[in-house]
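Visitor: Show me how the following folds:
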Amino acid sequence: MIRTLVVDDEATVRGVLFLAFEGDERVEIVGEAADGDEAVRLWQELQPDAVVLDMQMPGLSGLDVARQMLASEQPPTVVMCSSRMEDADRDEAWRIGVAACLDKLGLERVPAMLVAAHARANPNRPV
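Guide: Numbering: from 1, shown residues only. Model (predicted):
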């Protein structure tokens with residue numbers, strides 16, 4: 001089971017993500033955050049295996065949050081979503097180690113992308 005934190009400043013997007021993960025026995029949503037500061041706090045508290053992270057949020061951006069998470073001793077698998085992802089942001093996300101980047105129009109694909117990215121990052125851990 002992949003313990004996952006969902007982070008987006010829009011409650012409707014978080015709701016869509018919860019629906020997308022519903023029934024997927026490989027993933028357990030362990031928390032949700034509405035901004036970058038809350039995301040960092042919950043990540044430190046819950047130590048999830050994976051994080052679905054909005055790129056643009058008030059306060060700490062998704063990239064700022066991802067940098068902190070991915071620089072840790074046990075970084076989670078990070079999948080970033082955005083409705084307006086610039087090429088420079090996508091390039092930076094790849095550079096810092098984000099596992100996948102996805103347009104919010106494709107949120108139904110997040111569970112499969114997260115599971116595949118987590119499996120690539122953790123080949124010796126069955127999902």
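Visitor: Which parts of the chain are strands?
Guide: Along the chain, the stretches classed as strands by DSSP state E are 2-7, 27-33, 50-54, 77-82, 100-103.
Visitor: which outside residues touch the third one?
Guide: Translated: strand 50-54. With contacts defined as Cβ atoms under 8 Å, 6 or more residues apart in numbering, strand 50-54 is touched by 2-10, 13, 17, 27, 39, 43, 62, 65-66, 69, 76-82, 110, 114, 117-118. Bear in mind the C-beta positions are built from the backbone N, C-alpha and C, glycine included.
Visitor: one step back: could you identify which of the strands of the chain is most buried?
Guide: Of all the strands of the chain, strand 50-54 carries the top mean neighbour count, a mean of 27, counting by mean count of other Cβ atoms under 10 Å.
Visitor: Distance-wise, check the residue nearest in space to the middle of the chain relative to Met1.
Guide: For the chain, the residue nearest the mean C-alpha position is Val52 (1.8 Å; Cα atoms, centre = their mean). According to Cβ to Cβ, to the nearest Å, Val52 stands 15 Å off from Met1.
Visitor: got it, and Phe18?
Guide: 16 Å.
Visitor: next one: Ile29
Guide: 11 Å.
Visitor: what's the answer for Val51, then?
Guide: In terms of Cβ to Cβ, Val51 sits 15 Å off from Met1.
Visitor: How about Gln44?
Guide: When Gln44 is compared with Met1 (using Cβ to Cβ), they lie 20 Å apart.
Visitor: from memory Ser82 sits against Met55, does it?
Guide: Yes. Using Cβ atoms under 8 Å, Ser82 is in contact with Met55, at 3.7 Å.
Visitor: list residues touching both of those two?
Guide: 62, 89, 101.
Visitor: of all those, which comes closest to Arg95?
Guide: Asp89 (10.6 Å; Cβ to Cβ).
Visitor: Is it correct that that closest one is in contact with Met55?
Guide: Yes. Between Asp89 and Met55 a contact is recorded at 6.0 Å, counting by Cβ under 8 Å.
Visitor: Compare the two (neighbour count), which wins?
Guide: More crowded of Asp89 and Met55, by other Cβ atoms under 10 Å: Met55, with 25 against 18.
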